[in-house]
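K.L.:
fold the following for me, if possible:
(one chain, ligands or ions: 3)
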Amino acid sequence: MKRIAVLTSGGDSPGMNAAIRAVVRKANFHGVEVMGIYHGYEGLIEGRMELMDLGSVGGIIQRGGTKLFSSRCPRFKEDVYQFRAIEIMKERGVEGLVVIGGDGTYRGAVGLTKKGFPCVGIPGTIDNDIPGTEYTIGFDTALNTVIESIDKIRDTATSHENSFIVEVMGRDAGDIALWAGLAAGAESILIPEEQYDIDDILSRIEHGVSRGKKHSIIIVAEGVMPASELAKILKEKANITTRVSVLGHIQRGGSPSARDRVLAGRLGAKAVEVLLEGKGGRAVGIKNHQIYDYDFEVAFTTKHKADLSLYSLSKELSI
Ligand SMILES: Nc1ncnc2c1ncn2[C@@H]1O[C@H](COP(=O)(O)OP(=O)(O)OP(=O)(O)O)[C@@H](O)[C@H]1O
Ligand SMILES: O=P(O)(O)OC[C@H]1O[C@](O)(CO)[C@@H](O)[C@@H]1O
Ligand SMILES: [Mg+2]
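P.N.:
Numbering: from 1, shown residues only. Ligands and ions are numbered 1, 2, ... in the order given. Okay, here's the model as predicted:
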């Protein structure tokens, strides 16, 4: 291969830039050129791309977001646009594509691979919800942002003896809520993967009160229900007043943590190696500290499982 391309797609995540840098530098190391495609699949079907040299990825390793911009492009699900994308890449001399994104992004890349164009996927999403990899790029940074916020909320919750409900991201996956809850010592955690029990939440608050603790922190993943709805339920059921904090998109921003930068560097380099070996239809991931590649379809034909042992542990540690 003489020339490959790279794009970022779906929700951005801290560390995407470090992954782009790794792809460009690793490919150049092997004498292969890299086209940067702007605005994900939307930019691809519009032909928005340019060559990236070594200097073009200088100074981005520490920056959140994505230098290549991102998009959600519903029309890319249609074959006609995937064929157009392949035609455009061939016209520009591109022989393989690295996509950085979540499960939806992977589906687009599988579509291209099935039409004969080799693609490799790098997991870039704060949700940590891609099967086949223990961690995704951006999860660690998002988690640190969340616990920093919860620590601050706890300061005021303790001072005023208030209960807080903190809503975190995770439409379908509870990893952020779960890990942040454990790391910040939340009294209760609500995740999409587990049925919540209002009586259990109430008895935890009451137990805290009985031992003189008048504040508590409840974390709810957005996929379960809005924090305001949970506040309403607690008020109606037990006359408990809570304050609500929705952390929102601050979770997707910020300078990537050391862990995410290193992961991005390792996965970016591996993705290039896989493409240069002539393999398409592969995803790269990390398992037991080892970087490896696996069949793309695993990433969306199996369901991501949150580590529920953390859920029971958090209950034991927050009594
Ligand atoms: N079934 C599909 N076939 C082809 N392309 C798809 C498919 N699903 C999604 N895509 C493409 O991938 C893009 C990104 O997908 P999506 O919006 O689901 O985000 P994601 O990659 O899962 O990231 P995140 O969930 O972290 O935001 C879509 O906008 C679309 O262009
Ligand atoms: O509001 P947007 O940009 O569509 O993104 C929200 C979604 O993106 C994610 O953060 C993943 O990137 C989900 O947890 C969340 O539901
Ligand atoms: Mg997704």
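K.L.:
rest of the way, CA atoms for contacts and neighbours
P.N.:
Noted.
K.L.:
count of residues packed around residue 259?
P.N.:
15 (other C-alpha atoms under 10 Å).
K.L.:
identify the residue spatially nearest to it, adjacent ones excluded.
P.N.:
residue 140 (6.9 Å; C-alpha to C-alpha, 6 or more residues apart in numbering).
K.L.:
can you check residue 246 too?
P.N.:
Take residue 246 and drop its neighbours on the chain: the residue closest to it by C-alpha to C-alpha, 6+ apart is residue 167, 4.7 Å away.
K.L.:
and if you look at residue 11?
P.N.:
In space, residue 11 is closest to residue 125, 6.7 Å off (C-alpha to C-alpha, 6+ apart).
K.L.:
quick one: the one you found and residue 78, what's the gap?
P.N.:
Distance, residue 125 to residue 78, using C-alpha to C-alpha, to the nearest Å: 23 Å.
K.L.:
and the two? Which one has more around it.
P.N.:
A side-by-side neighbour count of residue 125 and residue 78, using other C-alpha under 10 Å, places residue 125 first with 27 against 11.
K.L.:
and the helices in this protein?
P.N.:
Along the chain, counting by DSSP state H, helices occupy 16-29, 40-46, 79-91, 103-114, 139-160, 175-184, 198-210, 227-238, 258-276, 298-301, 308-317.
K.L.:
and those: which comes nearest ligand 3?
P.N.:
Among these, helix 103-114 comes nearest to ligand 3, with 4.7 Å by C-alpha to the ion.
K.L.:
got the helices of the chain as TSV, with distance to ligand 2 columns?
P.N.:
Listed next are the helices of the chain as TSV, based on distance: least, C-alpha to the nearest ligand atom, whole Å:
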stretch	distance to ligand 2
helix 16-29	12
helix 40-46	14
helix 79-91	22
helix 103-114	10
helix 139-160	10
helix 175-184	9
helix 198-210	24
helix 227-238	14
helix 258-276	15
helix 298-301	15
helix 308-317	19
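K.L.:
which one of the ones you listed lies closest to residue 289?
P.N.:
Smallest distance to residue 289 across the helices of the chain (C-alpha to C-alpha): 9.8 Å, for helix 258-276.
K.L.:
tell me what that closest one is packed against?
P.N.:
When contacts are defined as 3 or more C-alpha pairs under 8 Å, 6 or more residues apart in numbering; DSSP states H and E, helix 258-276 packs onto helix 16-29, strand 96-101, strand 119-123, helix 139-160, strand 282-287, strand 290-295.
K.L.:
can you rerun that using 7 Å?
P.N.:
Contact here means 3 or more C-alpha pairs under 7 Å, 6 or more residues apart in numbering; DSSP states H and E; on that basis helix 258-276 packs against helix 16-29, strand 119-123, helix 139-160, strand 282-287.
K.L.:
that one to strand 119-123, inter-axis angle?
P.N.:
On the basis of axes from the mean of the first three to the mean of the last three C-alpha atoms, to 10 degrees, helix 258-276 is oriented at 170 degrees to strand 119-123.
K.L.:
average pLDDT across helix 258-276?
P.N.:
Helix 258-276 comes out with an average pLDDT of 98.
K.L.:
any part of stretch 291-303 near ligand 1?
P.N.:
No. Using C-alpha under 6 Å from any ligand atom, stretch 291-303 stays clear of ligand 1, coming no nearer than 9.9 Å.
K.L.:
quote the end-to-end distance of that stretch.
P.N.:
20 Å.
K.L.:
what parts of the stretch 101-250 of the chain come near ligand 1?
P.N.:
101-105, 107-108, 125.
K.L.:
name the residues that touch stretch 43-61?
P.N.:
17-18, 21, 24-25, 34-38, 81, 84-85, 88 (C-alpha atoms under 7 Å, 6 or more residues apart in numbering).
K.L.:
so residue 120 sits against residue 279, correct?
P.N.:
No. Using C-alpha atoms under 7 Å, residue 120 is not in contact with residue 279; the gap is 8.1 Å.
K.L.:
any stretches of the stretch 1-150 of the chain with poor pLDDT?
P.N.:
The model of the stretch 1-150 of the chain has no residue with pLDDT under 70.
K.L.:
for ligand 2, give me its nearest residue in it.
P.N.:
residue 11 (3.8 Å; C-alpha to the nearest ligand atom).
K.L.:
and for the stretch 101-250 of the chain?
P.N.:
For the stretch 101-250 of the chain, C-alpha to the nearest ligand atom, closest residue to ligand 2: residue 170, 3.7 Å.
K.L.:
can you tell me which residues contact that residue?
P.N.:
Contacts of residue 170 by C-alpha under 7 Å, 6+ apart are 127, 176, 221-223.
K.L.:
could you measure from it over to residue 193?
P.N.:
Residue 170 is 11 Å from residue 193, by C-alpha to C-alpha.
K.L.:
could you do residue 300 as well?
P.N.:
Taken as C-alpha to C-alpha, the span from residue 300 to residue 193 is 17 Å.
K.L.:
repeat that for residue 145.
P.N.:
Going from residue 145 to residue 193 by C-alpha to C-alpha gives 23 Å.
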